[in-house]
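J.: need a 3D model of the sequence below.
(chains A and B)
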Amino acid sequence: QKEVEQDPGPLSVPEGAIVSLNCTYSNSAFQYFMWYRQYSRKGPELLMYTYSSGNKEDGRFTAQVDKSSKYISLFIRDSQPSDSATYLCAMSESNSGYALNFGKGTSLLVTP
Amino acid sequence: GAVVSQHPSWVICKSGTSVKIECRSLDFQATTMFWYRQFPKQSLMLMATSNEGSKATYEQGVEKDKFLINHASLTLSTLTVTSAHPEDSSFYICSAPQGPYGYTFGSGTRLTVV
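T.: Residues are numbered from 1 along each chain as shown, chains lettered A, B, ... in the order given. Here you go, the predicted structure:
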């Protein structure tokens, strides 16, 4: 079993929809959870960063972490065509010195 | 903010030749650099971890003689793909632990071996 599982999609939604992306993981030592956005042939861009369990909101984006269920989510409100990209979850036991463990990425297409 | 400059952004090479990819930390000192590889529709998979002044640590299944990593200074880490073959065609990304959110990524290098 991979340490981080993420449905690769693709996920297609109309503009303005609420998007829900999620990942599950098996390593209970993970404490730092991140969501990255990656456009084709580009490096990952950090969207959200969360430590331990709880919610975090930044504009149209909300990240949720449920450590008891080993489940993390990213919600995108009022989705825009510019949100079309691949979204990668990533997690680590520490915020420095440890490599990130990535999910496979979910491909999102927001149609006008 | 912290920036890692990665070059080249894309490269095409002939089978059997070697290709060098550079990652430079522009405004901070990177004592550690992580090297990832990403195949189409796949996750970023850690290949190796380089530390300035010491030998790199390779993940299981990654050939250290094929993927040569050098981290000779605090601002430069390089990955050389030796005797490249078509199956080495992939997207290679470096990442340095830095900043309040832990990690700064290069922009990636797309390698195509023909």
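
J.: just the pLDDT for the residue nearest to A:Ser52 when sequence neighbours are not counted.
T.: Using C-beta to C-beta, 6 or more residues apart in numbering or on different chains and skipping the chain neighbours, the partner closest in space to A:Ser52 is A:Gln31 (5.7 Å). All C-beta atoms are positioned from the backbone trio N, CA, C, and that covers glycine. If you check A:Gln31, the pLDDT there is 92.

J.: near chain A, which residues of chain B?
T.: B:6, B:10, B:32, B:34, B:36, B:41-46, B:49, B:91, B:93, B:95, B:97, B:101-103, B:105-108, B:110 (C-beta under 8 Å from any C-beta of the partner chain).

J.: OK, contacts around A:Phe75?
T.: Residues near A:Phe75 by C-beta atoms under 8 Å, 6 or more residues apart in numbering or on different chains: A:18-21, A:61-64.

J.: distance of it from B:Glu59?
T.: Per C-beta to C-beta, to the nearest Å, A:Phe75 is found 33 Å from B:Glu59.

J.: report the helix or strand with the lowest average pLDDT across chain B.
T.: strand B:103-105 (a mean of 87; mean pLDDT, DSSP states H and E).

J.: what is the helix or strand that that strand is followed by packed up against?
T.: Using DSSP states H and E, the helix or strand that follows strand B:103-105 in sequence is strand B:109-113. Helices and strands touching strand B:109-113, by 3 or more C-beta pairs under 8 Å, 6 or more residues apart in numbering or on different chains; DSSP states H and E, are strand B:10-13, strand B:19-25, strand B:90-97.

J.: list the buried residues of the second one.
T.: Right, the one you point to is strand B:19-25. Neighbour-count burial for strand B:19-25 flags B:19, B:21-25 (criterion: 16 or more other C-beta atoms under 10 Å in any protein chain shown).

J.: and these as JSON lines, adding pLDDT and distance to A:Glu45?
T.: Compiled in JSON lines, these are given as follows (pLDDT from 0 to 100; distance: C-beta to C-beta, whole Å):
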{"residue": "B:Val19", "pLDDT": "97", "distance to A:Glu45": "25"}
{"residue": "B:Ile21", "pLDDT": "98", "distance to A:Glu45": "20"}
{"residue": "B:Glu22", "pLDDT": "97", "distance to A:Glu45": "21"}
{"residue": "B:Cys23", "pLDDT": "96", "distance to A:Glu45": "17"}
{"residue": "B:Arg24", "pLDDT": "95", "distance to A:Glu45": "19"}
{"residue": "B:Ser25", "pLDDT": "92", "distance to A:Glu45": "18"}
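
J.: out of those, which is nearest to chain A?
T.: Taking C-beta to the nearest C-beta as the measure, chain A sits nearest to B:Cys23 out of these, at 10.5 Å.

J.: let me know the pLDDT of B:Gln42.
T.: So, for B:Gln42, pLDDT stands at 83.

J.: anything in stretch A:101-112 near chain B?
T.: Yes. On the criterion C-beta under 8 Å from any C-beta, stretch A:101-112 is in touch with chain B at A:102-105, A:107.

J.: just those now: which is nearest A:Leu46?
T.: Relative to A:Leu46, the closest of the residues of stretch A:101-112 next to chain B is A:Phe102; by C-beta to C-beta it sits at 12.6 Å.
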